[in-house]
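Undergrad: Could you look at this predicted model? Sequence included:
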Amino acid sequence: MVVNGLYLVIITVCVLMLAYRLYGAWIAAKVLTLNQYRKTPAYEFEDGQDYVPTNKWVVFGHHFAAIAGAGPLVGPVIAAQFGFMPGLLWLLFGSVFAGAVHDMVVLVASIRHKGKSLAEIAKDEVSHTAGIAALWVMLLLLIVTEAGMAVVVANSLHNSPWGFFTVSMTIPAAIIVGIYAKYVRPGQIKEATILGVILILLAVVGGPYVRDNPALAPLFTYDLEQVEIMLGVYGFLASVLPIWLLLAPRDYLSTYMKIGTIVLLAVGIIIVAPEIRMPAFSQFLWGGGPVLSGSVFPYIFITIACGAISGFHSIISTGTTPKMLENERQALPVGYGAMLTETFISVMALIAACSLHPSDYFAINSSADAFAKLGLQVQDLPALSQMVGEDLMHRPGGAVSLAVGMADIFAKIPGMDHLMGLWYHFCIMFEALFILTLIDAGCRVGRYLLQELLSKVYEPFGDRSWKPGIVICSFVITCSWMYLILQGDIGVIWPLFGVSNQLLATTVLAIVTSYIIHSGRGRYAWVTMFPCFFMALITVVADYENVFNSYLPGGKTTMVVISALMFVLVAIVVVESVRSWFRLFKNTPPDYRSREEIEEETKKENEREAAAIAAGIIPAHPVTTLSEKEKQLREEERLVKAALD
């Protein structure tokens, strides 16, 4: 039976729209009782800098750009080893019942805790111990995430002068845009954007000339280890340089690339309607695959990662986003809706990869030895390699196979067949920009977290302007993830990233379950409790298989230590959370009021307050007094916002 990619797009759109309209709206009304009249942190602490009431579609764009990194693109491509059906099913069901719920509930919890971070929410709702453990979990996840993303981009750029030149030129392009916007023409964002886009496109077009030039090609040709070291150096510099010089302009430009390329891919799939050549279930469903050695259970869940549920999203949902929403009801489109949008992107990436012939897919994503054992013969890959001007064999990590699939779809659009090489390298740059955005922001955010932790031992680390603290913490974070990527390949590091990411998601679901019970809605706690238990089961099994089937036999002691440490920290949070569930169920009276009743009460309170202000009984603009700790948190989150924006 021939499956058309267009059918999968239609099914995905229908499922996600129904989920948003029915399940998402039900949670918003019944479980969270989103209250449009309750004052949000954006108004309560409005300062024109961090806490700023913002149009919901602008907030949606910011939130989506921050959560939609490389994970939703790369994860489904790697998971295609099991066939297209397991990945498609988990993307749809996982996002609807776990990922989108996770994102929206933790966003609302942060809003109602005055924009506090996940660690602070854990301290308030669970215990001080759970808050400290959650902070360490976030730090470790950032380190593992950096390693997982870096190994993907390194596999796509090594021994590729065209690709390396194109991606590396985005760095001076970003610096030029930063200088232009700050000193040459301050405030002229449109001009800076046009300049940046032109420079990036010139880098793509100029690639063939670099590749074919005997003098220039060696300057942009490096092996895998050299590229990995260069990524570490870049991450360190991006973490210590001023945000306006490199990180902010690069991330701003990458957002345009992200949106534009996703729209092009959607149009391409509609026009071309590519055939899905990967079977629904492959022969590697129960293990023994050349990309991932494990079986579909549990590896489909940790490999898909961000496209279905991501603990990393909680860092955004408790960081900048809750300080921008104008009213609580906007949490539905921003929290639930943005996650479903990311799922749609993941499905399109899955379609692009599965449109390749299975033999070609495995030839790209496996090592030479692993592919030789399969006894398969490549089909279209030699011709595709000639068309793109690169050797595509044995470049695991998902990025190359996705770029080939996307370029093949673009090239089949009428009039585009002669531009296959340009499309391929454009897609490689598109993916690399996703990843480098995460690397530079992740290094900086990791540095903030490490400085906060070390400040409890040596107070000067708490001063964000202390230069030795900046350099030391940036160096430690960078060296940590560089050491990881030099210890293993994508088959080792990506499962570690997947487990770590889902462990944080488990932690978040446990914490927000406590919040739901504490809010008097304990009868609905199952909406986060069931996904929490399911993800805990998945991650425990996956962690066990990683350690005993991969890391210990391979002598990967560092991977074993990180896996064990993450497991212990998450176990602390989950156990503390479960204890708080029993305590809160016992001591918290149930709240049976409907959302309409709650909103009516809040509306009357607001009217009484307005009348008191008009009568001069209370000040027109009451000043909210913050504790020193809250001031410190706001300053820290201002820096995090700058990094992630």
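TA: Yep, that arrived.

Undergrad: close enough to count as contact, residue 423 and residue 406?
TA: Yes - if you go by Cβ atoms under 8 Å, residue 423 and residue 406 touch, sitting 7.3 Å apart. The way it works is simple: take the backbone N, C-alpha and C, and place the C-beta from them, glycine included.

Undergrad: Which one's more surrounded, these two?
TA: More crowded of residue 423 and residue 406, by other Cβ atoms under 10 Å: residue 406, with 29 against 25.

Undergrad: Please tell me I have it right and that one contacts residue 428.
TA: No - the pair residue 406 and residue 428 does not pass the contact test of Cβ under 8 Å, sitting 9.7 Å apart.

Undergrad: Check whether residue 102 really touches residue 511, as I assumed.
TA: No - in this structure, residue 102 is not within contact of residue 511 by Cβ under 8 Å, at 10.6 Å.

Undergrad: Need the overlap of contacts for those two.
TA: By Cβ atoms under 8 Å, 6 or more residues apart in numbering, residue 102 and residue 511 have no common neighbours.

Undergrad: Please enumerate the helices of the stretch 1-150 of the chain.
TA: Counting by DSSP state H, counting those that start in this stretch, the stretch 1-150 of the chain has helices at residues 5-19, 25-26, 41-44, 56-67, 71-79, 84-94, 100-112, 118-125, 128-157.

Undergrad: Over to the stretch 251-400 of the chain?
TA: Using DSSP H, counting those that start in this stretch, helices in the stretch 251-400 of the chain cover 296-304, 313-317, 331, 338-354, 358-365, 368-374, 381-388, 399-411.

Undergrad: Burial check on residue 319, number of neighbours?
TA: 22.

Undergrad: cool, and the one 4 residues further on?
TA: Neighbourhood size, residue 323 [other Cβ under 10 Å]: 29.

Undergrad: now the one 4 residues further on
TA: Other residues near residue 327 number 18, with proximity taken as other Cβ under 10 Å.

Undergrad: Let me know the distance separating the closest residue to it other than its chain neighbours from residue 51.
TA: Nearest in space to residue 327, with sequence neighbours left out and distances taken as Cβ to Cβ, 6 or more residues apart in numbering, is residue 36 at 4.6 Å. Distance, residue 36 to residue 51, using Cβ to Cβ, to the nearest Å: 18 Å.

Undergrad: Same drill for these two, tell me which one is more crowded.
TA: For residue 36 versus residue 51, the count of surrounding residues by other Cβ under 10 Å is larger for residue 51: 21 against 14.

Undergrad: okay if I get the helices of the stretch 1-150 of the chain as TSV plus distance to residue 619, mean neighbour count and mean pLDDT?
TA: Formatted as TSV, those follow (distance: least, Cβ to Cβ, whole Å; neighbours: other Cβ atoms under 10 Å; pLDDT from 0 to 100):
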stretch	distance to residue 619	mean neighbour count	mean pLDDT
helix 5-19	45	16	93
helix 25-26	38	13	96
helix 41-44	14	18	86
helix 56-67	29	20	76
helix 71-79	47	31	84
helix 84-94	49	22	95
helix 100-112	24	27	95
helix 118-125	28	23	89
helix 128-157	34	25	84
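
Undergrad: Select, out of those helices, the one closest to residue 324.
TA: Residue 324 lies closest, by Cβ to Cβ, to one member of those: helix 56-67, at 4.8 Å.

Undergrad: can you give me the mean pLDDT across the helix or strand that contains residue 599?
TA: Applying DSSP states H and E as the criterion places residue 599 in helix 595-614. Summarised as a single mean, pLDDT over helix 595-614 is 87.

Undergrad: list the buried ones in it?
TA: Across helix 595-614, burial judged by 16 or more other Cβ atoms under 10 Å covers 595, 598, 599.

Undergrad: I figured the first one hits residue 37, correct?
TA: No - the pair formed by residue 595 and residue 37 falls short of the contact definition of Cβ under 8 Å, at 10.7 Å.

Undergrad: which intervals of the stretch 151-300 of the chain have sub-threshold pLDDT?
TA: The stretch 151-300 of the chain contains residues with pLDDT under 70 at 187, 243, 247-248, 250-256.

Undergrad: pLDDT below threshold where in the stretch 451-600 of the chain?
TA: By pLDDT under 70, the low-scoring segments of the stretch 451-600 of the chain are 464, 488-491.

Undergrad: What sits closest to residue 32 if chain neighbours are left out?
TA: residue 108 (5.0 Å).

Undergrad: and the one you found, how far is that from residue 449?
TA: In terms of Cβ to Cβ, residue 108 sits 23 Å off from residue 449.

Undergrad: ditto for residue 429
TA: 30 Å.

Undergrad: before we move on, what about residue 153?
TA: 23 Å.

Undergrad: With residue 348 instead?
TA: Residue 348 is 33 Å from residue 449, by Cβ to Cβ.

Undergrad: just the helices in the stretch 501-645 of the chain please.
TA: 526-546, 557-587, 595-614, 628-644.

Undergrad: With distance to residue 316 added, can I get the ones you listed in CSV?
TA: Shown next, in CSV, are the helices of the stretch 501-645 of the chain (distance: least, Cβ to Cβ, whole Å):
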stretch, distance to residue 316
helix 526-546, 18
helix 557-587, 19
helix 595-614, 26
helix 628-644, 7
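
Undergrad: show me the contacts for residue 314.
TA: 102, 103, 106, 118, 504, 505, 508.

Undergrad: Let me know whether the last one touches residue 106 as I believe.
TA: Yes - shown here, residue 508 and residue 106 form a contact pair, counting by Cβ under 8 Å, at 5.4 Å.

Undergrad: what is in contact with those two at once?
TA: Contacts common to residue 508 and residue 106, judged by Cβ under 8 Å, 6+ apart, are 118, 314.

Undergrad: From residue 296, how far off is the nearest residue to residue 152 once chain neighbours are set aside?
TA: Spatially, and ignoring its direct neighbours in sequence, residue 152 is nearest to residue 397 (4.2 Å; Cβ to Cβ, 6+ apart). Note on residue 397: its distance to residue 296, by Cβ to Cβ, is 20 Å.

Undergrad: swap in residue 204?
TA: For residue 204 relative to residue 296 (Cβ to Cβ), the value is 37 Å.

Undergrad: Then residue 454?
TA: From residue 454 to residue 296 the distance is 42 Å (Cβ to Cβ).

Undergrad: C-terminal to the longest helix along the chain, what's the next element?
TA: Using DSSP state H to define each element, the chain has its longest helix at helix 420-455. Using DSSP H and E, the helix or strand that follows helix 420-455 towards the C-terminus is helix 467-485.

Undergrad: Now find how far off-centre that following helix is within its chain.
TA: Helix 467-485 sits 21 Å away from the centroid of its parent chain (Cα atoms, centre = their mean, to the nearest Å).

Undergrad: now stretch 176-188
TA: Distance, centroid of stretch 176-188 to centroid of chain: 29 Å (Cα atoms, centre = their mean).

Undergrad: likewise stretch 218-234?
TA: With Cα atoms, centre = their mean, you get 24 Å for stretch 218-234.

Undergrad: Need the CA coordinates for it. CSV is fine.
TA: Written as CSV, here are the backbone C-alpha positions of stretch 218-234 (Å, rounded to 0.1, in the frame of the first residue of the first chain):
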residue,chain,number,x,y,z
PRO,A,218,41.2,23.4,2.7
LEU,A,219,40.5,26.4,4.9
PHE,A,220,36.9,25.2,5.5
THR,A,221,37.5,21.4,5.6
TYR,A,222,37.8,19.8,9.0
ASP,A,223,37.3,16.4,10.5
LEU,A,224,34.7,15.5,13.0
GLU,A,225,36.8,16.1,16.2
GLN,A,226,38.0,19.5,14.9
VAL,A,227,34.4,20.6,14.2
GLU,A,228,33.4,19.5,17.7
ILE,A,229,36.2,21.5,19.3
MET,A,230,35.3,24.6,17.3
LEU,A,231,31.7,24.3,18.4
GLY,A,232,33.0,24.4,22.0
VAL,A,233,35.1,27.4,21.4
TYR,A,234,32.1,29.1,19.8
